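how would this look folded up:
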Amino acid sequence: MENFIKIDSKLMEFTKEIDEKCKPVFQRIEDIQQYNEAKVLSAFMECGVSETHFKGSTGYGYGDRGRDVLDEVFAKIVGAEDALVRHNFVSGTHALTVGLFGVLRAGDTMVSLTGAPYDTMEEVIGIRGEGNGSLKDFGVNYKQLDLLEDGSVDFDNIQNAVKNCKVAYIQRSRGYSLRESLTIETIEKIVKEVRKGNKEAIIVVDNCYGEFVEKQEPTQVGADLIIGSLIKNAGGGIAETGGYIAGKKDLVELCAYRLTAVGVGKEAGCTLNQSKGMFMGLFFAPSVVASAVKTSVFALCMFDKLGYKVYPKYDAVRTDIIAAIELGTPEGLVAFCQGIQKGSPVDSFVSPEPWDMPGYESPVIMAAGAFTMGASIELSADGPLREPYAVWLQGGLTYNTGKIGVLLAAQAMYEKGLFNL
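Have a look, this model is predicted:
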């Protein structure tokens, strides 16, 4: 590494202990990777994926067999009845919006069981902003079961919270919070409590950042719908755009009506030569996700050793690719993100600065020198400029390059005198 990237010798010496501590955790990650790679390969084989499925369509896209087979493959991988995997989704938030508008009607109630949702969902739901076409504007009610003081789910009150609700909403990942992300085991427990309180509730899981981190997905433990982005885990760093909705067949159909038109649904939608990238990305996803989790583990271990608060601990059982680190000062947050940018394969010469990003309540700084703009399965770091000035780190297409990015982030802070070695 030192032959190509200039890293302070003290910092390199410091990382030797970090490397050793991470080895048993890496073995656990690689075991999950091997399992998920076999699961994905099996689905490709069973669904008879062929080179002919990579050919794109134009216009209405009627009879696009590649599009339909991709849905079949994805559904089989996540243990769902059906799936809607499309490049037309512009983001995970868009896919979630389509899903919620697809299954909710005026007078219905949506209950978030994991406290406040991610910033960009606040306007979709109608928590923030008025008259902008939110669910609230369309007559959908919203309730929220706050997390307990320690950041855990309030299991004792789930049954009461979901009475008479239409959608029970679960956010798997932490978002811009410092709570623990939800393991599949925890999601299964939530599902059971929901069923006790309301058998008819539609359980919707925001699955962003969680795909392939564990051996199962929420649909395999009782969730009715899972929704996510293809420029995060499920796209493997190859899909150029897109998202997915997977789950029960009748619910996926309702969501498809919202994406296209009532009565049209999944039958239309050209693929514009995006199919091959989505197939390839899905195939590579378990390997790329494993690299991202390793990068996260290394960063957590290093910054914990340096005395910073990290979430989760480096050796914790993981359910998403996100690492959160409390840096304590705006200078630390900015330096970290600028260091990550220096270790990026694209736009490494750029120095990111905080800005008022649409959909976010506070100024946000984002480091993302990615092949696909905004692809957070690629090494990226971001955070709002508000206390405790935490950074959320995710991605890393390969572990070795991800590690370099983390080292450059640490070096940028070290050069500013923000910690000592």
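
can you list the domains in this protein?
Listed by automatic domain parsing, the domain ranges of the chain are 9-35+286-415, 39-282.

and the end-to-end length of the longest one?
End-to-end distance for domain 39-282: 11 Å, by CA to CA, to the nearest Å.

same check on the shortest one?
In domain 9-35+286-415, first residue to last residue: 13 Å (CA to CA).

equivalent analysis for stretch 261-279, please.
Looking at stretch 261-279, the gap from its leading to its trailing residue is 25 Å under the measure CA to CA.

mind listing what's buried in that stretch?
Within stretch 261-279, the residues that qualify as buried are 265, 266, 268, 269, 270, 271, 274, 275, 276, 277, 278, 279, counting by 16 or more other CB atoms under 10 Å. For every residue, glycine as well, the C-beta is placed using N, CA and C.

show me what contacts the third one?
Think residue 268. With contacts taken as CB atoms under 8 Å, 6 or more residues apart in numbering, residue 268 has the following neighbours: 60, 61, 62, 260, 261.

ok, and the closest non-adjacent residue to it?
Here the nearest residue to residue 268 in space, its sequence neighbours aside, is residue 60; by CB to CB, 6 or more residues apart in numbering that works out to 4.9 Å.

look up phi and psi at residue 170.
Its backbone dihedrals place residue 170 at phi -130, psi 130, with angles given as degrees, to the nearest 10.

I'd say it and residue 204 touch.
Yes - the pair residue 170 and residue 204 passes the contact test of CB atoms under 8 Å, sitting 7.1 Å apart.

spit out the residues that contact these two alike.
With CB under 8 Å, 6+ apart applied, the overlap between the contact sets of residue 170 and residue 204 consists of residue 223.

these two: which is more packed in?
When neighbours are counted by other CB atoms under 10 Å, residue 170 and residue 204 differ, and residue 204 comes out ahead with 29 against 23.

the more buried one - that's part of a helix, no?
No - assessed by DSSP: H, G, I helix; E, B strand; the rest coil, residue 204 does not belong to a helix; its assignment is strand.

quick one: the residue nearest to it when sequence neighbours are not counted from residue 82, how far?
The shortest distance from residue 204 to any residue other than its chain neighbours is 4.7 Å, reached at residue 225 (CB to CB, 6+ apart). Using CB to CB, to the nearest Å, we find residue 225 at a distance of 10 Å from residue 82.

between these two, which is the more surrounded one?
Neighbours per residue (other CB under 10 Å) separate residue 225 from residue 82, with residue 225 holding more: 29 against 20.

wait, isn't that one in contact with residue 254?
No - in terms of CB under 8 Å, residue 225 does not count as a neighbour of residue 254; the distance is 9.7 Å.

between these two, what contacts are shared?
Overlap of the contact sets of residue 225 and residue 254 (by CB under 8 Å, 6+ apart) consists of residue 103.

can you map out the helices along the stretch 51-200 of the chain?
According to DSSP state H, counting those that start in this stretch, the stretch 51-200 of the chain carries its helices in the segments 65-78, 92-103, 119-125, 158-161, 184-197.

what packs against the second one?
In terms of contact count using 3 or more CB pairs under 8 Å, 6 or more residues apart in numbering; DSSP states H and E, helix 92-103 is assigned the packing partners helix 119-125, strand 167-171, strand 202-206, strand 225-229, strand 243-247, helix 249-259.

ok, the third one next?
Using 3+ CB pairs under 8 Å, 6+ apart as the contact criterion, the elements in contact with helix 119-125 are helix 92-103.

what's the spacing between the helix it packs on and its chain's center?
Here the centre of mass of C-alpha atoms in helix 92-103, compared against the chain's by CA atoms, centre = their mean, to the nearest Å, lies 15 Å away.
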